[in-house]
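Enquirer: Build me a structure from this.
(2 chains)
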Amino acid sequence: MYLLPRERGCLTARKQGGFVAKRMKPVDAVLVGVGWTGSILAKEFADAGLTVVGLERGGFRQTVPDFQAPGIHDELRYAIRYGLMQDTSRTTLTFRNRPDEQALPMRQLGSFLPGTGVGGAGVHWNGQTFRFQPADFVLRTHLIERYGKQFVPDDLPIQDWGVTYDELEPYFDRFEYLCGIAGKAGNIKGEIQPGGNPFEGWRSREYPLPPMKQAHAGALFGKAAASLGFHPFPVPSANLTDHYTNEYGLTMKPCMYCGYCERFGCEHFAKASPQISVLPAVLNNPNFTLRTHANVTRVNFDAKARRATGVTYVDAQGQEFEQPAEMVFLCAFAHHNPHLMLVSGIGEPYDPKTGRGNVGRNYTYQTMSSVSVFYNEEVNINPFMGAGALGTAIDDFNGENFDHGPHGFVGGAYVAAYTTGGRPIQHHPVPEGTPRWGLEWKQAVARHYNHTVGIGSHGSSMPHPANYLDLDPTYRDAWGLPLLRLTYDFPENDRRMAEFLADRMLEIANAMGGEQVSENRLGGRYSIVPYQTTHNTGGTIMGIDPQTSVVNRYLQSWDLPNLFVMGASVFPQNPGYNPTDTVGALTYWTIDAVLNRYVKNPGPLV
Amino acid sequence: MDGSLSRRAFLKAAGTVATASALPGTVLAQPTATPRTAPLPAQPGAAPALFLFFTVPEAEFVTAAVDRLIPADAQWPSASQAGVVNFIDRQLASGYGSGERLYLQGPWQRGMPGQGYQLPLTPAQLYRIGISAADRAITQRFDGQRFADLSAAQKDEALGAIETGELDFEELPAPVFFETLLANTIEGFFSDPVYGGNRDMVGWRMVGFPGAYASFIHEVDQHGVRYTRAPIGMGQTGH
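Expert: This is a model prediction of the structure:
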């Protein structure tokens, strides 16, 4: 591992630490976390002449040498032992399904996989890069207009975001052109484009790169879906399909379909990430200082609680530092931003008994189910020829793309056949009814490994008053802070949605020409054990009312106007798409407001 | 949706020729530029009987157990023949075994299944206690016989009873021990051979997983092609 020059300088400073926090030189902006949002803020602010410090709790990582073959092609180390991800021995959260139950620590990762280290989860993501729909951003208003007030379930605190799709479109475009997204437009300025997703919101131009090659699984799925009258399209992908140079002058390379994306760093410079899409363009800017192994423990504010004064962090040696700043940006994973707000005492913690409080409310997730199609041995699927975003999808049953009137639920899902890689510790599908071990299991694994296609529904998640984040009264992290406490179960609305989608998936699966189909429906309570998705959202949501949101439409704290919260913790509810494109769009949207308005006239932007 | 145009364009650009090998059901030609690995034996040689963590009786128990979880068949070896016992042994002697990433602070409650692992034991401790508890419970149930000495059918019965919790351990929940053993066995059968299991890549060859190759850009849209190139592990050159 290299030490950057600035890291070496920082090590010198650390020697002076003691029980009194060492006060660092004040800067214009401090960033808590250097993943996607932190990296982009660093680049834009440093270029604009602001002094910026990025505090990253993990280490420095880059494509060479950290993600290089053959060592990166290690399923055990990265996919099973979570080599690039949050170390739960240091910090984790506690979990329960319901407010009247005892929360217990998530002692190892499972349901979701937050990252640790420079690049954050932007290192080990798959690269599935969807925009949310226009209706998603004004969901409450839209549902009432389309279906009437009585249609929106009373118990679901669905909210408008305070920003519209039309406002965000240029920023979606910018993030997609930053990454070099490979896809086929379905709607350019209102004109439906053949081959793309006809349901998507309008976009101002075609994707920067053509879509990925289609895998066998996607072709079988797409053919069956089209035969039923649905509209298959290639998943928009941050696994690039050609050499591409972005606005920062950084060149990325085409994907080799090696099948080591999700849970791995990309060796090929072919999966857009902070490492290859942003950071090389800012690391040498003297306005930016990156400090790794710097774990932020508190956002500080003035005596009258009118503005943030900076943050306190602890370095690798356990020494405490104070970093004063004119502006504070929380850029950590969706769990950590609400956690930092709560341990710092900013905002009012949400209380499910009274419905009062803004911090911690509207925690949402994603509602996944799947179906496997088992083929005869003549049909070779070759699941190992894959990429994280290599998939064929339909959007016919997502969001407001269909009439919910007859169904009695809100939300939906896209359905896709992905070929993300056939790494066999995780991928060894067997038909329903196969024993879990023994000779019959072994022979079923050998028989079906290369002859199975999985399709999944990537479902929305609606907020519920009993699903929220607060501080755990019992358990603490390695820095002595209370752990975050997650209370979550699938709302009845989302269960109905998932059942409806599972029925649609079954229809498609039955048309795919296999010998046998096995279903994996949503089932019982939410469990934190099996992996589902790392699309955790909410807790510091954006909105139009300070009583029911934490940040305004510019992701600016209602309480401390020089505090901004980035990332998916600002989503009021989670649509049926992957979040990163919207996270990226909101980042550029906020940068615009900060540089063009806030910096010139600091204060509330709304 | 149709990838054939871009594929043709790519093949043309890459100077290769779309041959009959691109048709479904045919054997993928061996690219001459790819170094071949030496032919691998159908069955690996004897796994080493030297252990870093297990005592000899513990290794006997684990060997007997994993060979029922993944037994030998006519074509492919058992878990222990594939080195799974050595794999688990080395894992337990390493950071994983000492729970390097487990949150191990109390207080301790069993919790609900959806709350996940809730024991104050590292994996190494779980095995040490679990093996001795399992051996004792099994010996009681099967008239004084040790697990390793039972018939295959009796071993399966015993493992099934541990899996469901019907065979009760006083020291810890039997199903937690079983699930850990099963997960580690599958890991050992399919992880890269550098970890001591999947010897001679028998797990990968059994399913047809090619291992640590870095590119399938030439093959990904040859739908249905039968891929026959020998697998490679991380420890081999010619990546």
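Enquirer: And the helices in chain A?
Expert: Under the criterion DSSP state H, chain A contains helices at A:5-14, A:36-47, A:63-66, A:139-147, A:165-179, A:216-227, A:274-277, A:336-344, A:439-448, A:492-510, A:580-593.
Enquirer: Looking at those helices, spot the one closest to B:Pro123.
Expert: Of all the helices of chain A, it is helix A:439-448 that lies closest to B:Pro123, at 22.8 Å by C-beta to C-beta. For every residue, glycine as well, the C-beta is placed using N, CA and C.
Enquirer: Can you give the distance of that closest one from its chain's centre?
Expert: What separates the centre of helix A:439-448 from the centre of its chain is 35 Å, taken as C-alpha atoms, centre = their mean, to the nearest Å.
Enquirer: name the helices or strands packed onto that helix?
Expert: Here helix A:439-448 touches helix B:202-207, going by 3 or more C-beta pairs under 8 Å, 6 or more residues apart in numbering or on different chains; DSSP states H and E.
Enquirer: For A:Asn246, give me its contacts.
Expert: A:Asn246 makes contact with A:Tyr177, A:Leu178, A:Cys179, A:Gly180, A:Met252, A:Ser277 under the criterion C-beta atoms under 8 Å, 6 or more residues apart in numbering or on different chains.
Enquirer: Reformat the helices of chain A into JSON lines and put mean neighbour count next to each item.
Expert: Converted to JSON lines, the helices of chain A look like this (neighbours: other C-beta atoms under 10 Å in any protein chain shown):
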{"stretch": "helix A:5-14", "mean neighbour count": "14"}
{"stretch": "helix A:36-47", "mean neighbour count": "27"}
{"stretch": "helix A:63-66", "mean neighbour count": "16"}
{"stretch": "helix A:139-147", "mean neighbour count": "17"}
{"stretch": "helix A:165-179", "mean neighbour count": "20"}
{"stretch": "helix A:216-227", "mean neighbour count": "23"}
{"stretch": "helix A:274-277", "mean neighbour count": "26"}
{"stretch": "helix A:336-344", "mean neighbour count": "25"}
{"stretch": "helix A:439-448", "mean neighbour count": "19"}
{"stretch": "helix A:492-510", "mean neighbour count": "20"}
{"stretch": "helix A:580-593", "mean neighbour count": "23"}
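Enquirer: List the contacts of residue 171.
Expert: Since no chain was named, I'll use chain A. Counting by C-beta under 8 Å, 6+ apart, A:Tyr171 has contacts A:Gly584, A:Ala585, A:Leu586, A:Thr587, A:Tyr588, A:Trp589, A:Asp592.
Enquirer: wait, chain B
Expert: By C-beta under 8 Å, 6+ apart, the residues touching B:Glu171 are B:Ile129, B:Gly130, B:Ala133.
Enquirer: and what of B:Ser191?
Expert: Contacts for B:Ser191 (C-beta under 8 Å, 6+ apart) come out as A:Asp74, A:Glu75, A:Leu76, A:Ile80, A:Ile425, B:Phe87, B:Gly197, B:Asn198.
Enquirer: Past the helix ranked longest in chain B, which element shows up next along the chain?
Expert: Ranked by residue count under DSSP H, the longest helix found in chain B is helix B:123-141. Downstream of helix B:123-141, the next assigned helix or strand under DSSP states H and E is helix B:152-164.
Enquirer: Check the contacts of B:Glu171 against B:Ala214 and report the nearest one.
Expert: Of all the contacts of B:Glu171, B:Gly130 has the smallest distance to B:Ala214: 38.9 Å, by C-beta to C-beta.
Enquirer: Any regions of the stretch 401-550 of chain A where pLDDT drops low?
Expert: Within the stretch 401-550 of chain A, no stretch has pLDDT under 70.
Enquirer: Contact residues of it facing chain B?
Expert: A:422-425, A:428, A:436-439, A:441-443, A:445-446, A:449-450, A:474-476, A:525-529 (C-beta under 8 Å from any C-beta of the partner chain).
Enquirer: among those, which ones are buried?
Expert: The neighbour count (16 or more other C-beta atoms under 10 Å in any protein chain shown) marks A:422-425, A:428, A:437-439, A:441-443, A:445-446, A:449-450, A:475, A:526-528 as buried among those.
Enquirer: on that earlier part again, need the contacts of B:Ser191 in JSON lines with distance to A:Tyr365, can you?
Expert: Formatted as JSON lines, the contacts of B:Ser191 follow (distance: C-beta to C-beta, whole Å):
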{"residue": "A:Asp74", "distance to A:Tyr365": "29"}
{"residue": "A:Glu75", "distance to A:Tyr365": "26"}
{"residue": "A:Leu76", "distance to A:Tyr365": "27"}
{"residue": "A:Ile80", "distance to A:Tyr365": "23"}
{"residue": "A:Ile425", "distance to A:Tyr365": "25"}
{"residue": "B:Phe87", "distance to A:Tyr365": "34"}
{"residue": "B:Gly197", "distance to A:Tyr365": "35"}
{"residue": "B:Asn198", "distance to A:Tyr365": "35"}
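Enquirer: Buried ones from these, can you make that a PyMOL selection?
Expert: The buried residues among those can be selected in PyMOL (16+ other C-beta under 10 Å) with this line:
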select buried, (chain A and resi 74+75+76+80+425) or (chain B and resi 87+197+198)
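Enquirer: Out of the contacts of B:Ser191, which is nearest to A:Leu330?
Expert: Nearest to A:Leu330 among these, with distances taken as C-beta to C-beta, is A:Ile80, at 30.6 Å.
Enquirer: Okay, and the residue nearest the centre of chain B sits in which element?
Expert: When C-alpha atoms, centre = their mean is applied to chain B, the residue found nearest the centroid is B:Phe189 (2.5 Å). Taking DSSP H and E as the definition, one finds B:Phe189 inside helix B:174-190.
Enquirer: how about that helix against chain A, any contact?
Expert: Yes. Interface with chain A: helix B:174-190 contributes B:Leu182, B:Thr185, B:Ile186, B:Glu187, B:Phe190 (C-beta under 8 Å from any C-beta).
Enquirer: okay, among those residues, which ones form the most distant pair?
Expert: B:Leu182 and B:Phe190 (12.8 Å).
Enquirer: Neighbour count: these two, which is higher?
Expert: For the pair B:Leu182 and B:Phe190, the greater number of neighbours falls to B:Phe190 (28 against 19), based on other C-beta atoms under 10 Å in any protein chain shown.
Enquirer: My read is that that one contacts A:His427, right?
Expert: No. Between B:Phe190 and A:His427 there is no contact under C-beta atoms under 8 Å: 9.2 Å.
Enquirer: so how far is A:Thr292 from A:Gly480?
Expert: 21 Å (C-beta to C-beta, to the nearest Å).
Enquirer: neighbour count winner among these two?
Expert: Per other C-beta under 10 Å, whichever of A:Gly480 and A:Thr292 has more neighbours is A:Thr292, with 23 against 8.
Enquirer: Next SSE downstream of the least confident helix or strand in chain B by mean pLDDT?
Expert: Lowest on mean pLDDT, DSSP states H and E among the helices and strands of chain B sits helix B:4-13, with a mean of 35. Remark: after helix B:4-13, the chain's next helix or strand is helix B:56-69, criterion DSSP H and E.
Enquirer: any residues touching that next one, and which ones?
Expert: Helix B:56-69 is contacted from outside by A:437-438, B:49, B:51, B:54, B:78-81, B:84-85, B:88-89, B:127-128, B:131, B:134-135, B:147-148, B:150, B:152, B:155-156, B:159, B:181-182, B:185, B:188, using C-beta under 8 Å, 6+ apart.
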